[in-house]
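**Q** the sequence isn't on hand, but the structure is:
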């Protein structure tokens, strides 16, 4: 199962979760259910905004592609 973007590529999902254990549970479920989607994790809302607006450590989209 996968969500796709308009090009048929697996969607990139941005997970904003401050508890590393909870983020790991989500990641493991993606693996266990063979989700083709790429999961990008940030620990807080500020980093999520930086990611979405390509600021700070997330300036390059080659290493930090945007969610779809």
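**A** Structure's in. What do you need? What you see is a predicted model, and the numbers here were worked out from it, not measured in a lab.
**Q** where along the chain do the strands fall?
**A** 12-16, 38-42 (DSSP state E).
**Q** adjacent strands (with direction) for the first one?
**A** Going back to what we said before, that points to strand 12-16. In the sheet, strand 12-16 lines up against strand 38-42 (parallel) (DSSP bridges).
**Q** if we can go back for a sec, out of the strands of the chain, which is closest to residue 23?
**A** Evaluated over those, closeness to residue 23 peaks at strand 38-42, with 4.9 Å, by CB to CB. Bear in mind the C-beta positions are built from the backbone N, C-alpha and C, glycine included.
**Q** would you mark the buried spots in the closest one?
**A** 38-42 (16 or more other CB atoms under 10 Å).
**Q** just put the residues you listed in CSV and tack on distance to residue 52 and pLDDT.
**A** Formatted as CSV, those follow (distance: CB to CB, whole Å; pLDDT from 0 to 100):
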residue, distance to residue 52, pLDDT
38, 15, 89
39, 15, 92
40, 10, 92
41, 14, 95
42, 10, 96
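**Q** circling back: so which of the strands of the chain comes closest to residue 60?
**A** strand 38-42 (13.2 Å).
**Q** run the chain-centre distance for the closest one.
**A** Centroid separation between strand 38-42 and its chain, computed with CA atoms, centre = their mean, to the nearest Å, is 2 Å.
**Q** mind starting the numbering at 10 from now?
**A** I'll keep to 10 as the first residue from here, and by that count the last item is strand 47-51.
**Q** helices of the protein, residue ranges please.
**A** Under the criterion DSSP state H, helices of the chain are mapped to 29-41, 54-61.
**Q** reformat the ones you listed as JSON lines; add distance to residue 67.
**A** Formatted as JSON lines, those follow (distance: least, CB to CB, whole Å):
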{"stretch": "helix 29-41", "distance to residue 67": "17"}
{"stretch": "helix 54-61", "distance to residue 67": "5"}
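**Q** please identify the deepest-packed of those helices.
**A** helix 54-61 (a mean of 15; mean count of other CB atoms under 10 Å).
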